[in-house]
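*Asks:* Pasting the sequence and the predicted coordinates here, then a few questions.
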Amino acid sequence: MAPPSPNSEGYPEPTPKGPLVIARIGFIGLGTMGEPMAAALRRAGFDVIASAHRRRDALDRLRSHGVREAANPAAVAEDADAVILSVPDAPDVEDAIFGLHGVAAGAKPGLLVIDTSTISPVASRHVAGRLAERGIDFADAPVSGGPVRAAAGTLTIMVGASSSVFSRSQPLLRALGTAHHLGPVGMGETVKLVNQIIIANVMIANAEALVFAKRAGANLAAVQGVLASATASNYILEQWLPKTWLAGTFEGGFALDLLRKDLAAALDAARAIDYPMPATGLAYQLYTTRSAKGDGALDYSAIVRVYESNARGKTPAYAAGQDAGVQ
């Protein structure tokens, strides 16, 4: 038999070890994102097997839609062609895969593991290396789009994997959204962290500028209208803030502590390549300030409170704006 052909980096492409047709999908982590993702896979016709990670209620709801229950991640892996993880952070990924009754304990060579969590690419490559020793394929595939797009199956999926593993994962990823193959393991997480770095800093820029405008006596509705067609226009200002801070609420959305966790992962990855990120380091400290004040579970637009606390009551124009509500 001819040897595998070299890929773009000069290394042979591994021959897929597991089934090319994936029918049974295990799911670990049925939280805000995991539950609608598992439901989307079931609607697409996949046989979905799941175990409770931290939430029993989500599994009970999914069972009513035909999702099968397994006792633990090891049992999920025993009965699956591929296992998807959607858990909060790198320690949770390690525990779900390598902990007692973890995925690795029940996995056979050829299993495909796809991690949709947002963690450091350094951690992803470590997990991939340990799984490769057991003959298990791995892809890091963090997602963007939130619970609404997860339920609709329209997520943006950033994938780091070999070409053969990406091809093998395509049918199930199509049920979740649009997958982009960005390079080897770790590159999906890298690109997701690029997104998180940008949204964290852009949110701070919006908060700082709008509170400045308010303190100076400007009408925020007029400011928004002008900026919509100016060079400062951005998605957060136009789509996110009108549903959160400018609507008088920080409930729902994307938790500040989750973004803070992502920034920590980005800074960890930057340290590994000796790359300084001063703006992101400052952003991490600002979000940590609000987390320490009890805002960690609120939408990350609550960062505006850093600036409001500095401006409140210091000028008649700002005080008038506060009395009238956000204008």
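*Replies:* It's in. Residues are numbered from 1 along each chain as shown.
*Asks:* For the rest of this, base every contact and every neighbour count on C-alpha atoms.
*Replies:* OK.
*Asks:* Quick one: residues contacting the residue nearest the centre of the chain.
*Replies:* The centre of the chain sits closest to Thr118, judged by C-alpha atoms, centre = their mean, with a distance of 4.5 Å. By C-alpha atoms under 8 Å, 6 or more residues apart in numbering, the residues touching Thr118 are Pro88, Asp89, Pro142, Val143, Glu189, Lys192, Leu193, Asp262.
*Asks:* let's see 7 Å
*Replies:* Asp89, Pro142, Glu189, Asp262 (C-alpha atoms under 7 Å, 6 or more residues apart in numbering).
*Asks:* Would you format the residues you listed as JSON lines with secondary structure, neighbour count and distance to Arg174 included?
*Replies:* JSON lines is the format used below for these (DSSP: H, G, I helix; E, B strand; the rest coil; neighbours: other C-alpha atoms under 10 Å; distance: C-alpha to C-alpha, whole Å):
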{"residue": "Asp89", "secondary structure": "coil", "neighbour count": "17", "distance to Arg174": "24"}
{"residue": "Pro142", "secondary structure": "coil", "neighbour count": "26", "distance to Arg174": "14"}
{"residue": "Glu189", "secondary structure": "helix", "neighbour count": "32", "distance to Arg174": "19"}
{"residue": "Asp262", "secondary structure": "helix", "neighbour count": "25", "distance to Arg174": "25"}
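*Asks:* Relative to Gln224, which of the residues you listed is nearest.
*Replies:* Comparing those against Gln224 with C-alpha to C-alpha places Asp262 closest, at 28.4 Å.
*Asks:* Next, count neighbours for the closest residue to Asn206 other than its chain neighbours.
*Replies:* Among residues not flanking Asn206 along the chain, Leu237 sits closest, at 6.8 Å (C-alpha to C-alpha, 6 or more residues apart in numbering). Counted with other C-alpha atoms under 10 Å, the neighbours of Leu237 add up to 21.
*Asks:* same deal with Arg174?
*Replies:* 16.
*Asks:* Would you mind measuring from it to His180?
*Replies:* 11 Å (C-alpha to C-alpha, to the nearest Å).
*Asks:* Repeat that for Asp57.
*Replies:* 32 Å.
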